[in-house]
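Enquirer: what's the 3D shape of this:
(2 chains)
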2 protein chains.
Amino acid sequence: MHTYFMAQAIAEARKGLGRTHTNPLVGAVIVQDGDIIAKGGHLEFGKEHAEKNALLSCKTPEKLFNSTLYVTLEPCNHFGKQPPCSQAIIEAGIKQVVIAQLDPNPLVAGQGVAYLENHGVEVTYGCLEEQARALNPFYNHYFEHKRPYITLKQAISLDGKIALQNERTAITHEEALDRVHLERASYQAILIGSQTALTDNPSLLTSGASLYPPVRVVLDRRGRLLEHPDLKLFENSSAPLWLLTDQELENLPQHVRLLKPASFEICDIVACLYQEGIQSLYVEGGAEVHDSFLAADLWDDVITYLSPKLLGGNSRAAFSSQRLGHQVTELSDFEIEQLGSDLRLYTRRSERCLQD
Amino acid sequence: MHTYFMAQAIAEARKGLGRTHTNPLVGAVIVQDGDIIAKGGHLEFGKEHAEKNALLSCKTPEKLFNSTLYVTLEPCNHFGKQPPCSQAIIEAGIKQVVIAQLDPNPLVAGQGVAYLENHGVEVTYGCLEEQARALNPFYNHYFEHKRPYITLKQAISLDGKIALQNERTAITHEEALDRVHLERASYQAILIGSQTALTDNPSLLTSGASLYPPVRVVLDRRGRLLEHPDLKLFENSSAPLWLLTDQELENLPQHVRLLKPASFEICDIVACLYQEGIQSLYVEGGAEVHDSFLAADLWDDVITYLSPKLLGGNSRAAFSSQRLGHQVTELSDFEIEQLGSDLRLYTRRSERCLQD
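Expert: Coordinates of the predicted model:
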């Protein structure tokens, strides 16, 4: 019966989809004598955790004593925006806690379990762990690999070009563009290089309003963007803009921050974003930026929007740089989807080349 | 009833598929009093034409007088490898001839019809013309556009690369390679540049034996291949090899010819192949060769084999050259097919950009 109740807890967790920001999706159900007497999910960043919501929702609190709690993620044991759940569990007199996944966040990891056990609660974990892990791929990746989950996203022609020389070039059609806008919203940050910012002048927004729109990150060591205050990135303040630069400037618009990574090597860029708590990154290019993530071996999947066009000649080619390309990187999990007249091609890093 | 009998004639035509070489597929049926009394197709290059085969196959020759012949292509009126069909039709006493498509070959065009009419035969044409034309796309294209039908074929990685620098690089997997071998067999010639010949050392053969394997054409102005007699193209003599070069050399292997086009501009290359009777051309690259066909506006469709890999850096990019790429060429009729772990993407020249 454990998996049955845990599946209900996972369903509760999904109710928070898109609203928990950097927090994981978590769901919980409480069972007494084979009946679910309460359930809850973490529904909004900064608000009650799933366990607390389940306890609050219980209409028969007298049945909580000696009950069993099923929860998709290890209960927290620290004061964050909310008091620790482990304490609330003890206070409610719950006898047994079944956990799907231990929390990879070092603020919790194992401590929630230890606290519960020290207070006489019977704890087991690993029930439907894989399904529960799938709720929070970015959150898990961030804590387990100590860097954001990184998606390289490109839009290319049939001959692998991203634009005519030094000219903003529309590659894909409307359906694909709409999809990109949706897709951006599921990442915590979007990154581009300064050349792309200057040539394409994108606003890098998502479709629909969001309490937590992805941070727009531009790699701009020399501060070239600072000379162009009319760029959409500056003019549109509906999402934060972080310039990774070694320049300094005051009196920037409120939504703009300057960050100084240890160096402009991709590993230091990624380390800087990790320090800033960025759990997921959608890298939109251009070609040199993509290639430097590839060369640094710091990426997880590649999303390609492909349009039936030819550019030819000296047009800018995808994933290109002066670097000697000396090896072929195989990708796996190839998924093909037709979007109007374009294709969306999803590919993951092959297990074989996973090193971290 | 005309379309019913013409559909039977088209079915007869298809029986010659793959065996008529530069000749068109042609089928015929003969009808008397609403019954088919004979049918035939052109089944092999150099052998009897469809009309003749139908006449020969007729088991009730007494019924031929005043009958109606349905034929997918205008009957010929000249002595080629076979005596003229128009004459045989007259001699058989056929009263009416229904033709699907007039023959675009100037040796025939309109003259077959004129001869028949001058001898009192009732002639109509245009019945199921589109379906009949579809039997012989390359043949029609050759005579109507005075150049071969040209397919640009590429094998690329997900980042639009065709190879690591100066290194033969396997891009696609076995299913795609098998398909390319099959596909080659439907063209009359395959063309590559000398750099591809030297770097990849391909044999450019098809799968299975053929009486008329595609001619292997290499653009080799400076005669670079002549210094490498150990190349597979020289060593394997199972298909003709034509070197388009301004060099001269004697004592070449029997299967090798040197051809000297008027210049090495693509229009002159194509004109040279047209003069040699090449009706269809499968251009396998490299990147500069593809780009020069694109720039010369001499191409009809593009077949792309795409493999989920990344090469990055300075790897060779598809359709690339020093030429200023200044426009986007839209393609149409996008067809997607999965071949094992790779994709085959078919695209045609968009009507909008058809100029010839």
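Enquirer: quick one: secondary structure of residue A:306?
Expert: The three-state label given to residue A:306 by DSSP: H, G, I helix; E, B strand; the rest coil is strand.
Enquirer: Need the residue in chain A that's farthest from the chain's center.
Expert: residue A:62 (39.8 Å; CA atoms, centre = their mean).
Enquirer: Show me what the helix or strand containing residue A:72 is packed against.
Expert: Element membership for residue A:72 (DSSP states H and E) is strand A:68-73. Judged by 3 or more CB pairs under 8 Å, 6 or more residues apart in numbering or on different chains; DSSP states H and E, strand A:68-73 is in contact with helix A:2-14, strand A:27-32, helix A:50-57, strand A:96-101. In short, each C-beta sits where N, CA and C put it, glycine included.
Enquirer: The residue farthest from the centre of chain A: what's it in contact with?
Expert: Contacts for residue A:62 (CB atoms under 8 Å, 6 or more residues apart in numbering or on different chains) come out as none.
Enquirer: Quick check: phi and psi at it.
Expert: phi -70, psi -20 (degrees, to the nearest 10).
Enquirer: if I look at it, how far off is residue A:95?
Expert: 14 Å (CB to CB, to the nearest Å).
Enquirer: Find the closest residue to chain B in chain A.
Expert: residue A:160 (1.0 Å; CB to the nearest CB).
Enquirer: Stretch A:292-311 and chain B, are they touching?
Expert: Yes: against chain B, stretch A:292-311 shows contacts by CB under 8 Å from any CB of the partner chain at A:294-295, A:302, A:304, A:306, A:308-311.
Enquirer: is it possible to export those residues to TSV including neighbour count and pLDDT?
Expert: TSV is the format used below for the residues of stretch A:292-311 next to chain B (neighbours: other CB atoms under 10 Å in any protein chain shown; pLDDT from 0 to 100):
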residue	neighbour count	pLDDT
A:294	23	97
A:295	16	97
A:302	26	98
A:304	22	98
A:306	28	98
A:308	25	97
A:309	24	97
A:310	26	98
A:311	31	97
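Enquirer: what's the nearest residue to the residue most central in space within chain A if we skip its chain neighbours?
Expert: In chain A, the centroid-proximal residue (CA atoms, centre = their mean) is residue A:280; its distance is 3.2 Å. For residue A:280, ignoring the flanking residues on the chain, the nearest one in space by CB to CB, 6 or more residues apart in numbering or on different chains is residue A:138 at 3.9 Å.
Enquirer: which residues in the stretch 51-200 of chain A form helices?
Expert: A:85-91, A:111-118, A:129-133, A:137-145, A:174-184, A:194-200 (DSSP state H, counting those that start in this stretch).
Enquirer: I'd like to check the angle between the fourth one and strand A:68-73, please.
Expert: Same thing as helix A:137-145. Using axes from the mean of the first three to the mean of the last three CA atoms, to 10 degrees, the direction of helix A:137-145 lies 80 degrees away from that of strand A:68-73.
Enquirer: related to what we said a few turns ago, okay, the residue farthest from the centre of chain A and residue A:31: tell me how far apart.
Expert: Residue A:62 is 15 Å from residue A:31, by CB to CB.
Enquirer: And for residue A:205?
Expert: 44 Å.
Enquirer: Any residues of the stretch 251-356 of chain A in contact with chain B? List them.
Expert: Residues of the stretch 251-356 of chain A lying near chain B (CB under 8 Å from any CB): A:290-291, A:294-295, A:302, A:304, A:306, A:308-315, A:317-332, A:334, A:336, A:338, A:341, A:343, A:345, A:347.
Enquirer: one step back: can you list the strands that the strand holding residue A:72 pairs with?
Expert: strand A:27-32 (antiparallel), strand A:96-101 (parallel) (DSSP bridges).
Enquirer: who in the stretch 51-200 of chain A is up against chain B?
Expert: Within the stretch 51-200 of chain A, the positions adjacent to chain B are A:154, A:156-161, A:164-165, A:169-170 by CB under 8 Å from any CB.
Enquirer: and stretch A:118-137, how far from the chain's centre?
Expert: On the basis of CA atoms, centre = their mean, to the nearest Å, stretch A:118-137 is displaced by 21 Å from the centre of the chain it belongs to.
Enquirer: in it, what's buried?
Expert: Neighbour-count burial for stretch A:118-137, counted by 16 or more other CB atoms under 10 Å in any protein chain shown, picks out A:121, A:123, A:125, A:127-128, A:131-133, A:135-136.
Enquirer: any chance of the helices of the stretch 51-200 of chain A in a markdown table, plus mean pLDDT and distance to residue B:248?
Expert: Shown next, in a markdown table, are the helices of the stretch 51-200 of chain A (pLDDT from 0 to 100; distance: least, CB to CB, whole Å):
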| stretch | mean pLDDT | distance to residue B:248 |
| --- | --- | --- |
| helix A:85-91 | 92 | 87 |
| helix A:111-118 | 94 | 84 |
| helix A:129-133 | 97 | 70 |
| helix A:137-145 | 97 | 63 |
| helix A:174-184 | 95 | 53 |
| helix A:194-200 | 95 | 50 |
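Enquirer: If you drop the residues flanking it in sequence, what lies closest to residue A:231?
Expert: Here the residue nearest residue A:231, using CB to CB, 6+ apart, is residue A:201, at 5.8 Å.
Enquirer: Over to the one you found: give its phi and psi.
Expert: Torsion angles, degrees, to the nearest 10, at residue A:201: phi 50, psi 60.
Enquirer: Pretty sure residue A:213 sits against residue A:185.
Expert: Yes: assessed by CB atoms under 8 Å, residue A:213 is found in contact with residue A:185 at 7.4 Å.
Enquirer: Common neighbours of those two, please.
Expert: Common neighbours of residue A:213 and residue A:185 (CB under 8 Å, 6+ apart) are residue A:206.
Enquirer: Now for the residue nearest to the centre of chain A: which residues touch it?
Expert: Per CB under 8 Å, 6+ apart, neighbours of residue A:280: A:138, A:141-142, A:148-151, A:186-189.
Enquirer: Next one: it, what pLDDT does it get?
Expert: With respect to pLDDT, residue A:280 scores 98.
Enquirer: do residue A:79 as well
Expert: We have a pLDDT of 78 for residue A:79.
Enquirer: got the phi/psi numbers for it?
Expert: phi -80, psi 110.
Enquirer: counting contacts, what elements does the lengthiest strand in chain A pack onto?
Expert: Determined from DSSP state E, the single longest strand within chain A is strand A:329-339. The criterion is 3+ CB pairs under 8 Å, 6+ apart, and the helices and strands that strand A:329-339 contacts are helix A:174-184, strand A:342-349, strand B:309-310, strand B:329-339.
Enquirer: try 10 Å this time
Expert: Packed against strand A:329-339 by the contact rule (3 or more CB pairs under 10 Å, 6 or more residues apart in numbering or on different chains; DSSP states H and E) you find helix A:174-184, strand A:301-307, strand A:342-349, strand B:149-157, strand B:301-307, strand B:309-310, strand B:329-339, strand B:342-349.
Enquirer: Tell me which of these lies nearest to residue B:270.
Expert: strand B:149-157 (7.3 Å; CB to CB).
Enquirer: Rounded mean pLDDT for the closest one, please.
Expert: Computed over strand B:149-157, the average pLDDT equals 98.
Enquirer: pLDDT wise, what is the residue nearest to residue A:346 when sequence neighbours are not counted at?
Expert: Closest residue to residue A:346 apart from its sequence neighbours, by CB to CB, 6+ apart: residue A:335 at 4.1 Å. According to the prediction, residue A:335 has pLDDT 96.
Enquirer: All set now, cheers.
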